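Asks: Requesting a structural model of the entry that follows:
(3 chains)
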Amino acid sequence: MTHDILLAGFGGQGILFAGKILAYSGLMDEKEVSWLPSYGPEMRGGTCNCSVCISDAPIGSPLVTEPSILIAMNTPSLEKFVDKVKPGGTIIVDSTMVDAKVERTDVNTYYVPASQLAVDNELAGGANIILLGKLFKETGIVSPETFKKAIEKVVPAKKAALAANNLRAVQLGMDYNG
Amino acid sequence: MAVVFEKPKSLADVTLHYCPGCTHGIIHRLVCEVIDEMGIEGDTIGVCPVGCSVMAYDYFTCDMIEAAHGRAPAVATGVKRTNPDKYVFTYQGDGDLAAIGTAETVHAATRGENIVVIFVNNTTYGMTGGQMAPTTLPGQVTQTTPYGRDPKLMGYPVRVCEMLATLSGTALAQRVAVNSVPHIREAKKAIRKAFENQRDKKGFSIVEVLSTCPTNWGMSPVDALKRLEDEMIPYYPLGVFKDTNAFPEKEGE
Amino acid sequence: MERNLMKGNEALAEAAIRAGCKCFFGYPITPQTEISAYLAKRFKQAGGVFLQAESEIAAINMVLGAASTGVRAMTSSSSPGISLKSEGISYIAGSDLPCVIINVQRGGPGLGGIQPSQADYWQATRALGHGDFHLLVYAPCSVQEMVDTVTKAFDMADKFRMPAMILADGLLGQMMEPVSFPEPKTDFPEKPWAANGHGNKREHNIINSLFLQPDVLEKSVKDRFERYEEIKANHAEAELYMTEDADIVLTAYGATARVAKSAVNMAREQGIKAGLIRPITLWPFPVKQINEGSKNAKSILCVEMSMGQMIDDVKLAINCSKPVEFFGRTGGVIPTPAEVLEEIKKYTNGGAK
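Replies: From the prediction side, this is the model:
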């Protein structure tokens, strides 16, 4: 089983961090993983995306061109990648940032007002993790326990508050039913 | 019989390839005298340039490295940074140091690399047969300035010591000459000071030595020495342009 | 062994420290700058010299200076920066000095782009500077393999007194993969030739590439080429993947080999007998392995992120004894497995018998 995941949005939305947590989660589950960011001028406040592969088998190209899972955190990203998603794939949209709807019927689309939820719950910058929560809930690719382990691995111990916020954010995403 | 004069120990007993009347030999000797007097031959690594002194690695008996044209300060940086307790010097001509190697020179100086640079300025590219150097004087005839160097077309000569004296990393910038006994004595003192600066970790030390090139100047050795005095020194005044510790320790340290 | 996710560039840097690298001289250029940034931070604790040079030219000459004293020295850059270093690399080779140079390739020519590319194959294997010489050229294809290659590159460079290059690309440099590191190396070869101060205990050592007498220079070059023969005979490496019964064998190295391997797997699922030869050393080129891996194939498909540079070596390796086709993307475009599969089908009649 291979998950080809593409996370896309603006620079500063935590796209790369969310991708890293996702990749680490795969590692915690002893899967093969890869993480590949867009880089260069693109990163300077423009669009930003990140390819994450989680697989039982060694990973070929780490560049995800036909995602099985797309997390879109702004409108340009959704427009750019919506048609690339594999049939039967999953699209998670931050509906605070994106008004558009996905017209495709051969994919599972979930709309989460993640940026608004983050503000409402005093989790500034936590929209990315809220969306991951929704992803875990709908696809089961990562268990909450695994995610917790990944957070502990990535967030230094001295930033315990940050880790706690991430756990709260992922729970918000898992609990959201819109 | 008492020995009153001998070759420095760190100068190899070989025939130098320099032209008759060329002052490279004197400058080699001064560097070696300083190395001998300080007793540092075994702890010294020299870096040669491309130019007339390209084969100086055969003349100095300390360990030697041959650099690419202009890159000696970078090579010396690599040596010194990984061997901070050794003495490292470069021996470079004007084309090497002030034309193709300007960036390496300026940045080694501004970093305050704790090395000694012996800069031999004879206002010409000697090895390749006498072309215009960055230090060629206005009006000077060379192979590539057959009508004399016209600053409007070829720019002005570079005064290296004055330029490097503006940089914070430079500890010593001194210009000397080897056209007379008093000047030679002064030159040796400057070279000694430069090596002592390195010992005391004061920063980048450059000694610019005004030198002659009778062959490419088309002069007898004596006339060449006279030209140095009459034409070069007025444009390139001798003296200390900077003498300081580039890295004074903070009070209380 | 604990595995952590790490960016390729940072993993290369950490691996250098484990390999006993004591100094790094570099200049910022995308997409390899993380190597500098990592070492600037880590050398402080690990005990080493990091210096940001004023230019690529200065950086490679600092490497020359440090390597002259017997210290393990490294620099890294990306394509345009490697061009600038080529002067120094020629001097390093001519002075018989060991060092490691990393090229995290990007698209060219000129300023080109910053996305992954393999357009420096010719430069790395043919013309990294003037004169008769070679570098050892390694082409790892994963972050872990990059880590393992660093120690090997330093060891081989020391053994044969020559520069070694790790030819990576923006994809390998920027991606994160799980990686584990070897224990720090503790045994290093003696370097009696080093110019690190003779301490009045031996004759002076001279590090030099100047030989004005033609016969002397010829001899020094020929001696070096004798060493090259030994390397060619014993140190060429390649990975063979499903080549035994393959009708079509792909040749690809580095990041492209990952794409090619995916394409081979897809082809096999569709009943097409495809295989892959992945050169791990580009110089020496794995001639024997290419012949071994393609002996039953009807054709070879060379896949590269360039307009076709390695393909010449593949043709030479098999003496043009069978068709060698080419598929490449360039300028920073990464070929997809689906594209490569289409090419495979083109030369295998879609798998139809």
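Asks: Now do the contacts for C:Y91.
Replies: Residues counted as contacts of C:Y91 (C-beta atoms under 8 Å, 6 or more residues apart in numbering or on different chains) are B:A67, B:A68, C:N61, C:L64, C:G129, C:S209. All C-beta atoms are positioned from the backbone trio N, CA, C, and that covers glycine.
Asks: go with 10 Å
Replies: Neighbouring residues of C:Y91 by C-beta atoms under 10 Å, 6 or more residues apart in numbering or on different chains: B:66-69, B:71, B:75, C:60-61, C:64, C:97, C:129-131, C:163, C:207-210.
Asks: among those, which ones are buried?
Replies: Applying a neighbour-count criterion of 16 or more other C-beta atoms under 10 Å in any protein chain shown, the buried members of the contacts of C:Y91 are B:66-69, B:71, B:75, C:60-61, C:64, C:97, C:129, C:163, C:207-209.
Asks: which among these gets closest to chain A?
Replies: Ranked by distance to chain A (C-beta to the nearest C-beta), these are led by C:I60 at 24.3 Å.
Asks: So what's the residue count around the closest residue to that closest one other than its chain neighbours?
Replies: Ranked by C-beta to C-beta, 6 or more residues apart in numbering or on different chains and with sequence neighbours excluded, the top spatial neighbour of C:I60 is C:G88, at 3.2 Å. As a burial measure, C:G88 scores 28 neighbours (other C-beta atoms under 10 Å in any protein chain shown).
Asks: In this structure C:G88 contacts C:G81, no?
Replies: No - using C-beta atoms under 10 Å, C:G88 is not in contact with C:G81, being 11.5 Å away.
Asks: which residues do the two both contact?
Replies: Residues touching both C:G88 and C:G81 (C-beta under 10 Å, 6+ apart): C:E56, C:I57, C:A59, C:I60, C:T75.
Asks: Which ones among those lie within helices?
Replies: When the shared contacts of C:G88 and C:G81 are checked against helices (DSSP state H), the matches are C:E56, C:I57, C:A59, C:I60.
Asks: Now for those residues, which sits with the most neighbours around it?
Replies: C:I60 leads these on contacts (other C-beta under 10 Å) with 36 neighbours.
Asks: give the contact list for that residue.
Replies: B:68, B:71, B:74-75, B:78, C:25-27, C:53, C:73, C:75, C:77, C:81-82, C:84-92, C:99, C:101, C:129, C:163.
Asks: show me what contacts the closest residue to chain A within chain B?
Replies: Per C-beta to the nearest C-beta, B:A103 is where chain B lies closest to chain A, at 26.5 Å. Residues in contact with B:A103, defined by C-beta under 10 Å, 6+ apart, are B:G70, B:R71, B:P73, B:A74, C:A53, C:E54, C:S55, C:I57, C:A58.
Asks: what helix or strand does the closest residue in space to the last one that isn't next to it in sequence sit in?
Replies: Excluding its sequence neighbours, the residue lying closest to C:A58 (C-beta to C-beta, 6+ apart) is B:A74, at 4.1 Å. In this structure, B:A74 sits in helix B:72-82 according to DSSP states H and E.
Asks: mind listing what the helix or strand immediately after that helix in the chain pairs with, with the direction of each?
Replies: Sequence-wise, the next helix or strand downstream of helix B:72-82 (DSSP H and E) is strand B:87-93. Looking at strand B:87-93 with DSSP bridges, its partner strands are strand B:44-48 (parallel), strand B:116-121 (parallel).
Asks: so C:E34 touches C:G173, yeah?
Replies: Yes - the pair C:E34 / C:G173 is scored as a contact, 7.3 Å apart, by C-beta under 10 Å.
Asks: Which one's more surrounded, the two?
Replies: It is C:G173, of C:E34 and C:G173, that has more neighbours when counted by other C-beta under 10 Å, with 31 against 21.
Asks: Isn't that one up against C:L12?
Replies: Yes - counting by C-beta under 10 Å, C:G173 does reach C:L12; the two are 7.7 Å apart.
Asks: returning to what we had before: pipe the ones in helices among the shared contacts of C:G88 and C:G81 into TSV and attach distance to A:T105 per row.
Replies: Output for these, formatted as TSV (distance: C-beta to C-beta, whole Å):
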residue	distance to A:T105
C:E56	54
C:I57	59
C:A59	56
C:I60	58
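Asks: what about the strands in the stretch 101-250 of chain B?
Replies: With strands called from DSSP state E, counting those that start in this stretch, the stretch 101-250 of chain B shows them at B:116-121, B:170-177, B:204-210, B:239-243.
Asks: possible to save those as TSV with distance to A:K137, mean pLDDT and mean neighbour count?
Replies: What follows is the strands of the stretch 101-250 of chain B, written out as TSV (distance: least, C-beta to C-beta, whole Å; pLDDT from 0 to 100; neighbours: other C-beta atoms under 10 Å in any protein chain shown):
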stretch	distance to A:K137	mean pLDDT	mean neighbour count
strand B:116-121	68	98	27
strand B:170-177	65	98	26
strand B:204-210	63	98	28
strand B:239-243	70	98	17
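Asks: circling back: okay, the ones in helices among the shared contacts of C:G88 and C:G81 in JSON lines with pLDDT next?
Replies: Formatted as JSON lines, those follow (pLDDT from 0 to 100):
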{"residue": "C:E56", "pLDDT": "98"}
{"residue": "C:I57", "pLDDT": "98"}
{"residue": "C:A59", "pLDDT": "98"}
{"residue": "C:I60", "pLDDT": "98"}
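Asks: Closest one of those to chain A?
Replies: Nearest to chain A among these, with distances taken as C-beta to the nearest C-beta, is C:E56, at 19.0 Å.
Asks: my read: the closest one touches C:S77, true?
Replies: Yes - applying C-beta under 10 Å, one finds C:E56 in contact with C:S77, separated by 5.7 Å.
Asks: Need the overlap of contacts for those two.
Replies: Contact with both C:E56 and C:S77 is made by residues C:G26, C:Y27, C:I29, C:S83, C:L84, C:K85, according to C-beta under 10 Å, 6+ apart.
Asks: ok now do residue 134, which residues does it touch?
Replies: Since no chain was named, I'll use chain A. A:71, A:90, A:92-94, A:110-112, A:114, A:170, A:172-178.
Asks: was after chain C, sorry
Replies: So C:H134 contacts C:93, C:124-126, C:128, C:160, C:162-163, C:224-225, C:227-228, C:231-232, C:283-284 (C-beta under 10 Å, 6+ apart).
Asks: Only whichever of those are buried, select them in ChimeraX.
Replies: To isolate the buried members of the contacts of C:H134 in ChimeraX, using 16+ other C-beta under 10 Å:
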select /C:93,124,125,128,160,162,163,224,228,231,232,283,284
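Asks: Out of the contacts of C:H134, list just those in strands.
Replies: Using DSSP state E, C:P163, C:W283 are the members of the contacts of C:H134 that sit in strands.
Asks: so which of the contacts of C:H134 are also by chain A?
Replies: Contacts with chain A within the contacts of C:H134, counted by C-beta under 10 Å from any C-beta of the partner chain: none were found.
Asks: Report the contact partners of residue 137.
Replies: Answering for chain A, as no chain was given. A:K137 sits in contact with A:Y110, A:P144, A:V170, A:Q171, A:G173, A:M174, A:D175, A:Y176, A:N177, where contact means C-beta under 10 Å, 6+ apart.
Asks: that answer is for a different chain, and I need it for chain B
Replies: B:123-124, B:148-149, B:151, B:156-157, B:227, B:231-232, B:234-236 are the contacts of B:L137 under C-beta under 10 Å, 6+ apart.
Asks: Is there a neighbour count for residue 148? I'd like the number.
Replies: Using chain A. Number of residues near A:K148 (other C-beta under 10 Å) recorded here: 16.
Asks: switch to chain B, that's the one I care about
Replies: 13.
Asks: State which one residue of chain A is found closest to chain C.
Replies: Taking C-beta to the nearest C-beta, chain C has its nearest neighbour within chain A at A:G60, 2.9 Å off.
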